[in-house]
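**Q** structural data only, the sequence is not supplied:
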């Protein structure tokens, strides 16, 4: 166990825990954006058992008392609000590709916009830029074309990005993600 920059103890969670937490957070974010309950958002995103797994995860002893997906999703939305660039053109590309079944365009767009934005704002860092852009683009797409937003694989995008995942884990997990 070590301390993160804020002096709080850092405990490395298992990858299963990180992945389950990410799924719960994205589910809470989508439920908020799409106006449905979490189970509806999860069914659209993954499988029927995902919402149940999230509820079980939250109630398990493994989940920390500070882990609240809705609060963390809200923090991510505030982080996304920092990104003020025009998303119309990138969103149109994502929509066009997703309607063709090419959901990977969302990840490529997020990565490209994140790298550009973080190079212009080095103090922000790529990892925070990635989280901000991915959430901001998801919010934008959910408002424009909700059906497209439910097809995006934000859980896999975050879990699969070693830099972003490492950034979150070195801070002690999702509970310690601040604006």
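**A** Here it is on my side, so go on. Just so you know, these numbers come straight off a predicted model, no measurement behind them.
**Q** end to end, how far does stretch 111-130 reach?
**A** By C-alpha to C-alpha, to the nearest Å, the extent of stretch 111-130 from end to end equals 7 Å.
**Q** average pLDDT for that stretch?
**A** Averaging pLDDT along stretch 111-130 gives 96.
**Q** what of stretch 31-46?
**A** 59.
**Q** begin at 545 from now on, thanks
**A** Will do, 545 is the new start, and the previous item becomes stretch 575-590.
**Q** count of neighbours near residue 568?
**A** By other C-beta atoms under 10 Å, 28 other residues sit near residue 568. All C-beta spots, glycine's among them, are computed from the backbone N, C-alpha and C.
**Q** so it touches residue 612, yeah?
**A** No. Applying C-beta atoms under 8 Å, one finds residue 568 not in contact with residue 612, separated by 9.3 Å.
**Q** show me where this structure has helices.
**A** Listed in chain order, the helices of the chain (DSSP state H) span 559-578, 582-589, 593-603, 613-624, 632-643, 648-664, 670-688, 690-693, 698-704, 706-714.
**Q** between the fifth one and helix 648-664, how big is the angle?
**A** The one in question is helix 632-643. 150 degrees (axes from the mean of the first three to the mean of the last three C-alpha atoms, to 10 degrees).
**Q** over to the last one?
**A** Counting by the same axes, to 10 degrees, helix 706-714 points 70 degrees away from the direction of helix 648-664.
**Q** residue 639: what's it in contact with?
**A** 685, 688-689, 692 (C-beta atoms under 8 Å, 6 or more residues apart in numbering).
**Q** give me the low-pLDDT residue ranges for the protein?
**A** Applying pLDDT under 70 to the chain flags residues 545-560, 580-597, 599-609, 723.
**Q** redo that, cut-off 90
**A** Scanning the chain with the threshold set as pLDDT under 90 gives 545-561, 579-611, 694-695, 721-723.
**Q** isn't residue 703 right up against residue 563?
**A** Yes. The criterion here is C-beta under 8 Å, and residue 703 meets it with residue 563 at 5.3 Å.
**Q** about what we covered before: for residue 722, which of the helices of the chain is the nearest?
**A** helix 613-624 (6.7 Å; C-beta to C-beta).
**Q** just checking, what packs against that closest one?
**A** In terms of contacts (3 or more C-beta pairs under 8 Å, 6 or more residues apart in numbering; DSSP states H and E), helix 613-624 is packed against helix 559-578, helix 670-688.
**Q** possible to save those helices as JSON lines with distance to residue 659?
**A** Formatted as JSON lines, the helices and strands packed on helix 613-624 follow (distance: least, C-beta to C-beta, whole Å):
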{"stretch": "helix 559-578", "distance to residue 659": "21"}
{"stretch": "helix 670-688", "distance to residue 659": "6"}
